[in-house]
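K.L.:
Return a 3D structure for these sequence lines:
(chains A and B)
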Amino acid sequence: EAGVVQSPRYKIIEKKQPVAFWCNPISGHNTLYWYLQNLGQGPELLIRYENEEAVDDSQLPKDRFSAERLKGVDSTLKIQPAELGDSAVYLCASSQDRGLNEQFFGPGTRLTVL
Amino acid sequence: ELKVEQNPLFLSMQEGKNYTIYCNYSTTSDRLYWYRQDPGKSLESLFVLLSNGAVKQEGRLMASLDTKARLSTLHITAAVHDLSATYFCAVDSDDKIIFGKGTRLHILP
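P.N.:
Sure thing, here's the model as predicted:
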């Protein structure tokens, strides 16, 4: 069974440019998460989806970040415009069972903003 | 506001020794997770602890949960070099999932 797929794996952009990350969760997993992980820190939740509904986006900086999961399967996270401080690893995770809520993480996208 | 604290943040130990990583959290929770992350890699789920007194073991790692003390421990028995990694605990409270800062474990051969 395929795990969580993310692309691209690496992205280097100049500040003020837009960037988008894509995530395909494990088949059958209804819950999808986007996290940001800075070097030496734990992941920080940006947004959580239950199917196509964003049920927790309280930590998403909405002035420049947006996300969508139109059909309740794959998801896109966008930053526009990117700032130097956005350099980090962006992780996507999915889970199947809200009771257990065990999350499975993708490999992440390492973003460098110059 | 839910806060999750791990200690120690860094740990260097000899192979064959035992040690414990602690995870304290600030509000009530009934779900706690332990993850492993190797350098440059993503997070791998190790344990899911769902109730007070839960204990789970996999190889040389054993995790436990005390919801009354708001404490989870990850115990390493007879450490081997392959266990070198960063270990995160994460707490789920009111559908908020908060990760600790991680414990970077370095096991010396």
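K.L.:
In chain A, what helix or strand scores lowest on average pLDDT?
P.N.:
strand A:53-56 (a mean of 91; mean pLDDT, DSSP states H and E).
K.L.:
Give the other helices and strands that that one contacts.
P.N.:
Where contact means 3 or more C-beta pairs under 8 Å, 6 or more residues apart in numbering or on different chains; DSSP states H and E, strand A:53-56 is packed against strand A:44-50. Any C-beta I mention is one placed from the backbone N, CA and C, and that applies to glycine too.
K.L.:
Would you mark the buried spots in the strand it packs on?
P.N.:
A:45-49 (16 or more other C-beta atoms under 10 Å in any protein chain shown).
K.L.:
which parts of chain A sit against chain B?
P.N.:
A:33, A:40-45, A:48, A:55-56, A:91, A:93, A:100-108 (C-beta under 8 Å from any C-beta of the partner chain).
K.L.:
repeat that with 10 Å
P.N.:
A:3-4, A:6, A:33, A:35, A:37, A:40-45, A:48, A:50, A:55-56, A:58-59, A:89, A:91-93, A:95, A:98-108, A:110 (C-beta under 10 Å from any C-beta of the partner chain).
K.L.:
OK, contacts around residue 102?
P.N.:
Since you didn't name a chain, this refers to chain A. A:93, A:95-96, B:31, B:33, B:45, B:47-48 (C-beta atoms under 10 Å, 6 or more residues apart in numbering or on different chains).
K.L.:
meant chain B, my bad for not saying
P.N.:
A:37, A:40-43, B:6, B:9-10, B:21, B:35-37, B:43, B:85-89.
K.L.:
Buried subset of those residues as a ChimeraX selection?
P.N.:
The buried residues among those can be selected in ChimeraX (16+ other C-beta under 10 Å) with this line:
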select /A:37,42,43 /B:6,21,35,36,37,43,85,86,87,88,89
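K.L.:
Quick check: residues of chain B near chain A?
P.N.:
So chain B meets chain A at B:4, B:6, B:9, B:31, B:33, B:35, B:37, B:40-45, B:47-48, B:50, B:86, B:88-90, B:92, B:95-102, B:104 (C-beta under 10 Å from any C-beta).
K.L.:
Sweet, I'm off.
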